[in-house]
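Student: the amino acid sequence is not available; the structure is as follows:
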């Protein structure tokens, strides 16, 4: 079952603009991760944020986590055509299983 | 490192046939996961192994599905007999860590079409 739910389902932006997507989840977590999936490819890990962290940066990516609201956001700054992909949040419980959301499809227009 | 390797990349078969999907995890990774991705259900965890031992197979849809990991460098997912509703992309992923919920490394997937 999917614990994480991304919002919006789809996002279309102009190259150079920022893209923001959100993830909400239901139960307490140890970590939350974001993955990217290019069309026809496997998922690629982008960033992991632990439950005791509130914000994390990696290059043009910024992730926030609000455990009181059970939500996370992923911001991609200065988007490029290569950022066109689906983005998934994944949450864990107290085992080694990850639960993935349905994803946000991002299209970056040139 | 070559990453997680899956074969075949594409498989087209007829209903009732046996299908075997293969996975080679990243060397040194202790955890191996099999997922299925469809438009309707998204990404679902089917089963995962730790040190070649199946830990949780609660996501395996039914008895037609079976998975094995005979050694640390090889795993198979078998569907017998296959049905059209099994059509999906099947991913294998591996993880090096004993830390709960840590990063997983995905293979390119096998796109299965059952006619």
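Tutor: Cool, the structure landed. Keep in mind that this is a model prediction, so the values were computed, not measured.
Student: what sits against residue B:5?
Tutor: B:23-24, B:107 (Cβ atoms under 8 Å, 6 or more residues apart in numbering or on different chains). C-betas here are computed from N, CA, C, even on glycine.
Student: I figured residue A:26 hits residue A:70, correct?
Tutor: Yes: using Cβ atoms under 8 Å, residue A:26 is in contact with residue A:70, at 6.7 Å.
Student: have a look at the two and say which one is more surrounded.
Tutor: Higher neighbour count among residue A:26 and residue A:70: residue A:70, with 18 against 13, using other Cβ atoms under 10 Å in any protein chain shown.
Student: for that one, which non-adjacent residue is closest in space?
Tutor: Among residues not flanking residue A:70 along the chain, residue A:25 sits closest, at 5.2 Å (Cβ to Cβ, 6 or more residues apart in numbering or on different chains).
Student: before we move on, back to that, which residues do residue A:26 and residue A:70 both contact?
Tutor: Listed as contacting both residue A:26 and residue A:70 by Cβ under 8 Å, 6+ apart is no residue at all.
Student: residue A:73: what's it in contact with?
Tutor: Neighbouring residues of residue A:73 by Cβ under 8 Å, 6+ apart: A:20-23, A:63-64.
Student: most neighbours among those, which one is it?
Tutor: residue A:23 leads the contacts of residue A:73 on contacts (other Cβ under 10 Å) with 27 neighbours.
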